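>>> All I have is the shape, not the residue letters:
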């Protein structure tokens, strides 16, 4: 990148403002988590973040987030494929509604899913009454909520890539004698892979931190269906600030690793598809 | 029946019909169960006890106070993040400097942080045991459990929306037009107002739309900082929770339905922008 002469004004002003605003709103408050965690001795810190109930909450949060992201990867890819490659009635409406989990407040999603999957709900009375599968007020309820909020990610990362793939590639494969499934498997899916993984990581990262939609449907049973953000709230309500901060730090560390992974995946997507972000 | 997509029109990029309809069937079933049914449930539950109960829950004083508080918080947070987004995009798109990618990543950071942690960080700064809490208390300034705390939480969770919409758009558009204007003697402000703004206005609106939707609906971060005082520091989503926890399901779903309608309105406007102004939006939205 060549350094241009500074014809345009406002560099110092806008960059300065950006850095100050970013520091005041995000960086300094976040640093409080790191600094205040240091008030605990390493032994105390370790005791808090590895307490049995907290460990159980990691298993619930990370395990179910992983499962929800996996569900969304499979169905999100299918939905993206249908939306880009096929025509069917109501397609535009479906396309617009895919973003609903981004726009719908999480508390609304939470109470709605609970009503739907509770014993007397539309789906719940069938699942719980007929099949004996309890969804609301247990781990499966959390899985449903996390699937809901992560639904748009894979669809929206895959859609533009699928749209942009040059049809010549697939035509070349077909003309060289490839079956359609071979073309899809060996030509199309490898191009989509980085975008699919990016969507998976985004859905996973969102699910790990999710609170609003989960607490209504989870039942919040200790050791069984408590998510990690709820553990932070619980500690806060008991005025155990250092403990809340310590758990928050472990979550921040996880978010940070995920953020790096997502950035790496996005760079890979750009390399594979030649798109600039 | 809609017209065929360009992929269906050619033999080389077409799957068998049975495959097409199986795939559509499976993905639409998933869509219906996980997305459509919850949406319908909100309105069904809200109207179960009749329109009168529904409307009564919305004009009740605590609900009105919650609506007012939510709108106030959004009205403060939105312009602040808007100014920030424009400034950040201007600096990043129009100039070269070291650490640009780090800066972009840091701007995105609030999306990766759990809303609960976002609330907690302000407790650590402004709480009575926090960095600034005791000092501010000396001046009788309350941040937590009042409007400023709610606004801070809202700003944090909506922080990246405008910036991440404008940055790719303005990088895409380059600097030539602005440089031409500046060379011809326009001031920085004139250049921005007459050259840049017309180019980015739809992208800007798109960012504001997403920012606003999140601001109205935020739950986790606001929940930590609000104090849950009925009629005073309860936003709409918190009011929903309060009614729901008190077994007032009709009331909870009435307010929830209002929020759901706002969400649908957001999606409608968003789809309209994507359809009408596709060329003027960032590349990631042109589909």
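Structure's in. What do you need? What you see is a predicted model; the values in this text were computed from it and never measured.

>>> Residue B:125 against residue A:32, yeah?
Yes: counting by C-beta atoms under 8 Å, residue A:32 is a contact partner of residue B:125 at 5.4 Å. Bear in mind the C-beta positions are built from the backbone N, C-alpha and C, glycine included.

>>> hey, what's in contact with both of these two?
Residues touching both residue B:125 and residue A:32 (C-beta atoms under 8 Å, 6 or more residues apart in numbering or on different chains) are residue B:131.

>>> Quick check, pLDDT for residue A:4.
On pLDDT, residue A:4 comes in at 52.

>>> And residue A:142, how far from residue B:13?
Distance, residue A:142 to residue B:13, by C-beta to C-beta, to the nearest Å: 40 Å.

>>> out of those two, which sits in the busier spot?
A direct count of neighbours by other C-beta atoms under 10 Å in any protein chain shown for residue A:142 and residue B:13 places residue A:142 higher, at 30 against 23.

>>> The more buried one and residue A:110, how far apart?
Taken as C-beta to C-beta, the span from residue A:142 to residue A:110 is 11 Å.

>>> what do you get for residue A:206?
For residue A:206, the distance to residue A:110 - C-beta to C-beta - is 15 Å.

>>> buried set for the strand or helix carrying residue A:110?
Using DSSP states H and E, residue A:110 falls within helix A:106-117. For helix A:106-117, a neighbour-count test (16 or more other C-beta atoms under 10 Å in any protein chain shown) marks A:106, A:107, A:108, A:109, A:110, A:111, A:112, A:113, A:114, A:115, A:116, A:117 as buried.

>>> contacts with chain B among the residues you listed, please.
A:106, A:107, A:108, A:109, A:111, A:112, A:113, A:115, A:116 (C-beta under 8 Å from any C-beta of the partner chain).

>>> For residue A:152, state which of the residues you listed is nearest.
Residue A:152 lies nearest to residue A:109 out of those, by C-beta to C-beta, at 12.5 Å.

>>> is any part of stretch B:45-63 close to chain A?
Yes: contact of stretch B:45-63 with chain A (C-beta under 8 Å from any C-beta) involves residue B:45.

>>> pLDDT on that stretch, on average?
On average, stretch B:45-63 scores 92.

>>> Could you give me the buried positions within it?
For stretch B:45-63, the neighbour count (16+ other C-beta under 10 Å) marks B:45, B:46, B:49, B:54, B:57, B:60, B:62, B:63 as buried.

>>> How about the third one, nearest residue that isn't a chain neighbour?
On the basis of C-beta to C-beta, 6 or more residues apart in numbering or on different chains, the spatially nearest residue to residue B:49 that is not a chain neighbour turns out to be residue B:250, at 4.7 Å.

>>> Quick check: phi and psi at that neighbour.
phi -60, psi -50 (degrees, to the nearest 10).

>>> Near it, how many other residues are there?
18.

>>> Pretty sure it sits against residue B:47.
No: assessed by C-beta under 8 Å, residue B:250 is found out of contact with residue B:47, at 9.1 Å.

>>> so what sits against both of these two?
Contacts common to residue B:250 and residue B:47, judged by C-beta under 8 Å, 6+ apart, are residue B:54.

>>> which non-adjacent residue is nearest the closest residue to chain B within the stretch 1-150 of chain A?
Going by C-beta to the nearest C-beta, chain B is nearest to residue A:105 of the stretch 1-150 of chain A, at 2.8 Å. Take residue A:105 and drop its neighbours on the chain: the residue closest to it by C-beta to C-beta, 6+ apart is residue B:217, 2.8 Å away.

>>> for stretch B:26-41, which positions count as buried?
B:27, B:28, B:30, B:31, B:34, B:35, B:37, B:38, B:39, B:41.

>>> How about the contacts made by the first one?
Shown here is residue B:27, whose contacts under the criterion C-beta under 8 Å, 6+ apart are A:75, A:78, A:79, A:81, A:82.

>>> What of the fifth one?
Applying C-beta under 8 Å, 6+ apart, one finds that residue B:34 lies in contact with A:144, A:147, A:148, A:151.

>>> Mind checking which of these land in helices?
A:144, A:147, A:148, A:151 (DSSP state H).

>>> now those residues in TSV, with neighbour count?
Formatted as TSV, the ones in helices among the contacts of residue B:34 follow (neighbours: other C-beta atoms under 10 Å in any protein chain shown):
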residue	neighbour count
A:144	25
A:147	25
A:148	27
A:151	26
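
>>> Where does the prediction get shaky in the chain?
Went with chain A since none was named. A:1-6, A:275-277 (pLDDT under 70).

>>> meant chain B actually
Scanning chain B for pLDDT under 70 picks out the ranges B:1-2, B:283-287.

>>> mind redoing it with 80?
Across chain B, the stretches falling below the confidence threshold (pLDDT under 80) are B:1-4, B:280, B:282-287.

>>> on that earlier part again, show me which of the contacts of residue B:34 neighbour chain B.
Counting by C-beta under 8 Å from any C-beta, A:144, A:147, A:148, A:151 from those sit close to chain B.

>>> ok, those residues vs residue A:16, which is closest?
The nearest one, if we look at the ones next to chain B among the contacts of residue B:34 relative to residue A:16 and count by C-beta to C-beta, is residue A:151, at 39.6 Å.

>>> three-state assignment of the residue most central in space within chain A?
With distances taken as C-alpha atoms, centre = their mean, chain A has residue A:203 as the residue nearest its mean C-alpha position (2.2 Å). Look at residue A:203: counting by DSSP: H, G, I helix; E, B strand; the rest coil, its state is helix.

>>> if I pick it, what's in contact with it?
Remark: with contacts taken as C-beta under 8 Å, 6+ apart, residue A:203 is in contact with A:68, A:69, A:72, A:73, A:76, A:150, A:151, A:153, A:154.

>>> if you count residues, which helix in chain B comes out on top?
As assigned by DSSP H, the longest helix anywhere in chain B is helix B:61-94.

>>> quick one on the thing from earlier: out of the buried residues of helix A:106-117, which is nearest to residue A:162?
Taking the buried residues of helix A:106-117 together and measuring to residue A:162 by C-beta to C-beta, the closest member is residue A:109, at 27.0 Å.

>>> Please name the nearest non-neighbouring residue to that closest one.
Nearest non-adjacent residue to residue A:109, counting by C-beta to C-beta, 6+ apart: residue A:213, 4.3 Å away.

>>> who are the neighbours in contact with that neighbour?
A:106, A:107, A:109, A:110, A:113, A:145, A:146, A:148, A:149.
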